[in-house]
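Colleague: Need a 3D model of the following:
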Amino acid sequence: MSTPAATSGVVLFAHGSRDPQWRQPIEAVARMLSASRTDIAVACAYLELCDPALPDVVDQWAAAGVQRISIVPMFLGAGRHAREDLPRMVAQLRAQHPLLDLRLSSPIGEDARMTALMSQIAADSVTD
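Modeller: A predicted model of the protein is given here:
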């Protein structure tokens, strides 16, 4: 994670794993987003088992002058982490950085576009 020059950023938030291959898809999303949106900072952050942690990204970006951070949970559904743990973390970060505009999105799997894409991928598995 580098220090951004942008004033807005997106954090792709995931659970984390000790297996380095597990990170490849989320990091691919981060690379694609960075390439298509050079005007925003992009980082991955993890709940546990790998770095960086969400507070580390937020602290670094706040110190670098980022003013708005959107946190996108890269979960298929709103389990306990998305419903309880993450909102609690974001509330703590808001208290630590009261001038920072922190936005928490719904889990990506709850977006109708993702549901449609997953349905299409499943359907394509039969016709391939």
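Colleague: hey, let's count contacts and neighbours off CA atoms from now on
Modeller: Will do.
Colleague: And the strands in this structure?
Modeller: In the chain, the segments counted as strands under DSSP state E are 8-14, 41-46, 68-73, 101-104.
Colleague: Pull out the buried positions in the first one.
Modeller: Across strand 8-14, burial judged by 16 or more other C-alpha atoms under 10 Å covers 8-14.
Colleague: What is the nearest of these to residue 23?
Modeller: Of all the buried residues of strand 8-14, residue 14 has the smallest distance to residue 23: 9.0 Å, by C-alpha to C-alpha.
Colleague: I figured that closest one was touching residue 77, is that so?
Modeller: No: Residue 14 lies out of contact with residue 77 (C-alpha atoms under 8 Å); the separation is 11.8 Å.
Colleague: picking up where we left off before, using CSV, lay out the strands of the chain together with mean pLDDT and distance to residue 62.
Modeller: Output for those, formatted as CSV (pLDDT from 0 to 100; distance: least, C-alpha to C-alpha, whole Å):
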stretch, mean pLDDT, distance to residue 62
strand 8-14, 96, 10
strand 41-46, 96, 12
strand 68-73, 97, 9
strand 101-104, 96, 10
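Colleague: All set, thanks.
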